[in-house]
Structure formats: structure tokens, C-alpha cells
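Student: Fold the following for me, if possible:
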Amino acid sequence: MVKLPKSKLLSFFRLEILARVILAVFIILALRLAYMQIIKGEGYRKRVTNQSTRKVWVDAARGEILDRNGQIIAYNNPERNVAYEASVYSKRAQSNAVTRLAYLLRCLPNELSENLRPKKRLPDGTAVLARNVTESSFTRVAERSDEIPGLILDYESARRYPFGSIFGHVTGYTGLIRGNDKRLKDLERPFHINDIVGREGMEYYCDDILHGRNGRRMVEVDRVGRYTGVLLQEDAIPGKDIVTTLDVRLQKAAAEAMKGRVGAAVVVDIKTGGILAMVSSPSYDPNLFIGGISQTNYALLRDNPDHPLVNRATQGLYPLGSVFKLVTSLAGLETGVFTAKTVYHDTGSVQIGNHTIRNYHKAVYGDITLEDALRVSCNTYFCYYANAIGADNLAKYARALGLGDRTGVELPAESYGQIPTPVWKKNIQGESWYPGDTVNLSIGHGFILVTPVQIARMAAALATGGKVMPLTLIKSLRQGGIETVYNGEHPETRYSEFKPEALKAVRDGMYAVVNKPGGSGRRAKVPGITICGKTGSAMLGKKTFAWFASYAPYEEPEVAMAIVVENATSGGTDAAPIAGEIYKTYVKIRKNQSDKDGK
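Tutor: Sure, this is the predicted structure:
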């Protein structure tokens, strides 16, 4: 047996160790490769796919809102946006991108980084960093976009309201969808986290009509995030335009007439129930909410003691005052408590239990009939007959004229109002009903609360002989140049059967209010149209609410109107002249239409 020298044995030993080390390295590499390919392979493949393809939302064009003559009151304006594929890049890359982009947009980095938060991203991880970018800034970013991988330069439609505050409460405004909105889980009509939806007014109530259906597409992108091709596309379906019943000319006239006053004005087409004008004053400019209202502007609106964000026309709850005497008149005539010819001797006051009720300014009218009582708004006449009519009958005829119920107008959070009865008082306040409560109700005081839209509808119902229609803001829908009838859900039209002689007596009284000497609403009178109306004043605490409810023309009624003014003196002094100004515009519109038809 040959014995190897020690030096050679040492060399063989070293080679063996080296071989084992090499084998171990290969085994580790093989295991690592197997781990990456078999166990982690799917994840890496997804990552590679995500780096070469993107899911992109295609926003549906929002429908426009127009007045009855086709004049646009809400439309879409192209807006330049800068977005970023946040989910694809590391936090360091995101920070670098924001720093670079802030320099190009001439803004602070934290203004952009706020929009990088996961909750503000689209489902595909895209973050819209800047909206409504100026043309110069957009061009500057586009020229240097190669330096910021993952950048997306895009256009989308931003809402615009050309008449500003004039239609503020009617149109409402749009805004980003809230994170807890249930529509984000709607698979039938896909929404996304950066979607624009209606937030107030018609924009909110009619969002299903206006929004349309979003589309989606799968696109290829290069290494710096630029689109290179479209793999799959699902087209968006645009929303429908809404042609409203509103008339810009009347709306502007109402807004001008209410300028500087707190209250509301509503004008209704008696034949259709379409609202021709609706103003709540003070109003707000919905354009302030485009892209998100600033904290300063929102605080100015929120903290304003006159509450400009509240739509007084549909949400405001007011004591009605002497306008309710129309209800009391109808109830008294229908129940036979008095007739149009019944003579009441007014001494200026009437005693009800321990309470003395007087006429406005302590006036004394002597012998008067119902027409006289309505003309001068005599309190004692109606208080004298109140308990003979009864609280339940007063409530019955109030409801027969549409009070205490929603009108169905397409706006959010419409109030019901409140028509009190003995049962209501017992259930709600736990107290008994007293004769004084009935007396108060007969002249529109006490627990009664109404909205201006209800009073406009009540005036229309008196003009049409008891037809209580749902009110609407929508005349028709339009898409692709085709106009269709709107068949939305509305309360049913109710027909209350009143005695013809009772209706005539009430209408004659309303005629006298405006057109005969001493009428409390004579300041509403304008040439060219015969107006019938009723004034009212009601106090709540130290605040006086002035009312004027009316319809015209007397011969063949076309429109009804309700005006309420807060912090006022009386209906005749404050509300009737506002109605007169709006009627002046209506007369001009009628004349222009007549001249057109005559040609």
C-alpha cells in the first residue's frame, strides 16, 4: 500500500471541503429558485403584469340641467388633473415624485402628499394628486413627465353653475363620493372612490339620472407609466340631461325681488304642478364646492346666522298666520257655520275665555261679510266662528288643501309640516286641547307649521277647485338628442270636492285682498294681470314672518305663488310687493309669448 505524503493528503482534504461548499451553494440556489418559481411565482407574475398593465376607470359624462326653454343651469367643463400610480412605487419613489411635482405645480409638497393616502386612492391604487390644474402648470408637468415615472396626465369633466347663487338651492352641487357610500359596492352600476356624485339639491336627488354608468379599460404602460395601448375597454354610458320646469327669467326675477331679505319664493304652474321658480334667500354659490370647498368659505356659510345652506322653500317650517284664514273660510262655508252673506259685527276685539283677541292695529270694522273679513284680514271674524267650526274640521280642510304633507318635489329632505289636532297635542305634548288652541289655529297661530312649497300648492288647489297636485321640477329627460317624459315616483293627485259656492266665496275674498279698496294685499297689484291673494303675518318669539299666497289671473288661473319673509313687519308691507315684482316679469313673459304666437 502506497502511503501519500502529508502535503498531498492536505490538498485532497481541502478539495473535498471546497467541493462540499460548492455543492451546498448549488443546493441553496436550487432551493431558492424553486421557492421563487413555485411558491412565490404567482405573486411575481402578478407584479410583472401590474407593472405592464393598468385598470383605468372611464368616467361617465354627467347629464346637464336645463331650464324649460333649454337654457343651461348646470354643465360640465373639462378639467386638467394630475394622477400618480401610487401602488406600483415605493414610498421613497412616491416622495421623490411628490417633491418634483410640487416644484412643477408651484405648490407645497404636503398639498399633494395628502392625496396619496390609501383611503383617497382609486381601487387600482391610482391617486389623483392635483385637480383643475391651470393650462400653464399642466403644460410644464407634461414637458417633464418622463422624469416622474408613474405620472398620469388626464382630463375629466368638472361641474359648473353659470347662474351661481340664483339656482343654488335647486341645483345643489356635486363632490367626491364619501368612503362609506354604499354605491361603492354596487356591481351593477360601478362607482369608484374618486367618483363625482351629487351632494345636494337636484344633483343629489336625481343622481341616478344624471350620473350615468362608468366604463373601465385595461391599458398597457411602459416603464415610466405612459400608456402604450388598450387591451380591453368597456365604454361609459353618459347620464341623461334633465330639462326642468324652471324658467330662468322668473327665477332671476324672484332672486332679485328677494335680494337682501331672508325667506323664500315659489312660483308654480297651476296646470302641471311644475315649479317655475324657487328661491331661498340668502342663497349660496354652488361653484364654491367644485373640487372641494375651502375651510374658510365653508365656515362663512355654516356660521352665517341666516343659514344660507338651508333650502327654506322646502325645508323651512313656518307659522302661517292669516293665510290660514283661507282654510278657515272654506271649513266654515263647507260645514254651514256661516255663508258668504253672513254679517258679523266687529267691535275690534273678541273675548275667548280670559283672552282678548284684537284686530291688527286695533282696527274696528263694524258690520262685515266673509269677503270683507278676508280683504282686511279681520282676526275677530274668524276667531268668533272658530270653535263652532271645530279643530278637527280645521285640520281636515287644511289637509284637503295639501297642508301637513310633502309635495313630492325632487329635492332632498322636504319637510312635512305640522297640522295640529286635539289627538296630536295629547300624543305629542301630553296636554289637553283648549278652545283657545282652536281660536289660534283659525288664524294660523299656535302649533301649525308649513313650508312655502305647501302654500304655493294650496293656492293652486283653491284656483283649480280642489285639485291637489304633486309639485315637480322635472319637465323631461334628454339623451342623444331624444327627449322623453319623466315618469318618476310622485304622490298621487288628490281631488277634494268642495261646494262651488264655497270656492267662489273664498276666491272672491282673495280677489278683494288685492283689487278692492283697503285690501291688505293691494301692493301686489300690477298692470296686465288680475291677482288674487291673501296676506299673513305670524310671530314666533320676537320674530315676525310675513306671507303672501296668491294665484293669477283671476279669470283663468295659470300660476300660483307663495312668498315668506322673515324679520318682517307684515304680509302686505313685505311679502306682497315681492310677489308683485315677480308677477311683472310673468306678465312680460306672457306678452312675449303672445307676440310670438301672433306672428
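Student: List the backbone torsions phi and psi for the residue nearest to the spatial centre of the chain.
Tutor: Nearest to the mean C-alpha position of the chain, by Cα atoms, centre = their mean, lies residue 201 at 0.9 Å. Taking degrees, to the nearest 10, you get phi 60, psi -150 for the backbone angles of residue 201.
Student: Same question for residue 354.
Tutor: The phi/psi pair for residue 354 (degrees, to the nearest 10) is phi -90, psi 0.
Student: Same check on the one 5 residues further on?
Tutor: Taking degrees, to the nearest 10, you get phi -80, psi 160 for the backbone angles of residue 359.
Student: What pLDDT does the model give it?
Tutor: At residue 359 the predicted local confidence, pLDDT, stands at 93.
Student: pretty sure it is touching residue 368, no?
Tutor: No. At 10.7 Å, residue 359 does not count as touching residue 368 under the criterion of Cβ atoms under 8 Å. Yep, even glycine has a C-beta here, placed from its N, CA and C like the rest.
Student: Which parts of the stretch 251-400 of the chain are strands?
Tutor: 263-269, 275-281, 344-346, 349-352, 355-358, 366-368 (DSSP state E, counting those that start in this stretch).
Student: got the buried residues for the last one?
Tutor: Under the neighbour-count criterion of 16 or more other Cβ atoms under 10 Å, strand 366-368 has residue 368 buried.
Student: Can you list the strands that that strand pairs with?
Tutor: Paired strands of strand 366-368, with direction, are strand 344-346 (antiparallel) (DSSP bridges).
Student: If we ignore the residues flanking it in sequence, what's nearest the residue nearest to the centre of the chain?
Tutor: Spatial nearest neighbour of residue 201, chain neighbours left out: residue 172 (2.0 Å); criterion: Cβ to Cβ, 6 or more residues apart in numbering.
Student: which residues does that neighbour contact?
Tutor: Residue 172 makes contact with 198-205, 286, 411-412, according to Cβ atoms under 8 Å, 6 or more residues apart in numbering.
Student: which among these end up buried?
Tutor: The neighbour-count test (16+ other Cβ under 10 Å) marks 198-205, 286, 411-412 as buried among those.
Student: can the strands of the stretch 251-400 of the chain go into a markdown table with extra columns for distance to residue 68?
Tutor: Rendered in a markdown table, the data for those read as follows (distance: least, Cβ to Cβ, whole Å):
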| stretch | distance to residue 68 |
| --- | --- |
| strand 263-269 | 9 |
| strand 275-281 | 8 |
| strand 344-346 | 45 |
| strand 349-352 | 48 |
| strand 355-358 | 45 |
| strand 366-368 | 43 |
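Student: I'd like the distance between residue 376 and residue 534.
Tutor: For residue 376, the distance to residue 534 equals 12 Å [Cβ to Cβ, to the nearest Å].
Student: er, residue 336 I mean
Tutor: Counting by Cβ to Cβ, the gap from residue 336 to residue 534 is 22 Å.
Student: Output the lowest mean pLDDT helix or strand found in this structure.
Tutor: One helix or strand of the chain scores below all others by mean pLDDT, DSSP states H and E: helix 41-52, with a mean of 52.
Student: Residue 299 - how many residues pack around it?
Tutor: Residues lying near residue 299 (other Cβ atoms under 10 Å) number 11.
Student: State the distance from it to residue 282.
Tutor: 16 Å.
Student: just residue 415 next, same as before
Tutor: 19 Å.
Student: Looking at those two, which is more packed in?
Tutor: Taking neighbours as other Cβ under 10 Å, residue 415 and residue 282 compare with residue 282 leading, 20 against 17.
Student: Residue ranges in the chain under the pLDDT threshold?
Tutor: Confidence mapping of the chain against pLDDT under 70 gives the ranges 1-15, 18, 32-52, 54, 87-88, 118-125, 187, 221-228, 598-599.
Student: so residue 406 touches residue 471, yeah?
Tutor: No. Residue 406 is beyond contact range of residue 471, at 9.3 Å (criterion: Cβ under 8 Å).
Student: Show me which of those two is the more surrounded one.
Tutor: residue 471 (29 against 17).
Student: show me the contacts for the more buried one.
Tutor: Residue 471 neighbours (Cβ under 8 Å, 6+ apart): 268, 273-275, 407-409, 453, 456-457.
Student: Recalculate using a threshold of 7 Å.
Tutor: 268, 273, 275, 407-409, 453, 457 (Cβ atoms under 7 Å, 6 or more residues apart in numbering).
Student: Helices of the stretch 151-300 of the chain, start to end?
Tutor: 168-171, 201-205, 207-210, 248-257, 295-302 (DSSP state H, counting those that start in this stretch).
Student: JSON lines please, covering the ones you listed and showing distance to residue 438.
Tutor: Formatted as JSON lines, these follow (distance: least, Cβ to Cβ, whole Å):
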{"stretch": "helix 168-171", "distance to residue 438": "35"}
{"stretch": "helix 201-205", "distance to residue 438": "38"}
{"stretch": "helix 207-210", "distance to residue 438": "45"}
{"stretch": "helix 248-257", "distance to residue 438": "35"}
{"stretch": "helix 295-302", "distance to residue 438": "40"}
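Student: which one of these lies closest to residue 443?
Tutor: Nearest of the helices of the stretch 151-300 of the chain to residue 443, taken as Cβ to Cβ: helix 248-257 at 26.8 Å.
Student: quick one, domains of the protein?
Tutor: Domain assignment for the chain, taken from automatic domain parsing, gives 53-132+139-244, 248-284+313-598.
Student: taking these together, which one is wrapped up most tightly?
Tutor: With neighbours taken as mean count of other Cβ atoms under 10 Å, these reach their highest mean count in domain 248-284+313-598, at a mean of 20.
Student: neighbouring contacts of the helix or strand hosting residue 590?
Tutor: Element membership for residue 590 (DSSP states H and E) is helix 576-598. Identification of contacts with helix 576-598 by Cβ under 7 Å, 6+ apart yields 249-250, 253-254, 257-258, 265, 267, 521, 523-526, 528-529, 531, 533, 535, 548, 550, 552, 559, 561, 563, 565.
Student: That helix versus strand 275-281: what angle between them?
Tutor: 150 degrees (axes from the mean of the first three to the mean of the last three Cα atoms, to 10 degrees).
Student: So for residue 438, what's the nearest residue that isn't a sequence neighbour?
Tutor: Once flanking residues are discounted, residue 438 sits nearest to residue 391: 4.4 Å by Cβ to Cβ, 6+ apart.
Student: Now do the same contact list for the one you found.
Tutor: So residue 391 contacts 421-422, 433, 437-438, 441 (Cβ under 7 Å, 6+ apart).
Student: And for residue 402?
Tutor: Taking Cβ under 7 Å, 6+ apart as the contact definition, residue 402 lies against 454, 457-458, 461, 468.
Student: Could you pull up phi and psi at residue 412?
Tutor: Residue torsions, per degrees, to the nearest 10, at residue 412 are phi -70, psi 150.
Student: these two touch, right, it and residue 206?
Tutor: No. Between residue 412 and residue 206 there is no contact under Cβ atoms under 7 Å: 10.1 Å.
Student: hey, what's in contact with both of the two?
Tutor: Residues touching both residue 412 and residue 206 (Cβ under 7 Å, 6+ apart): none.
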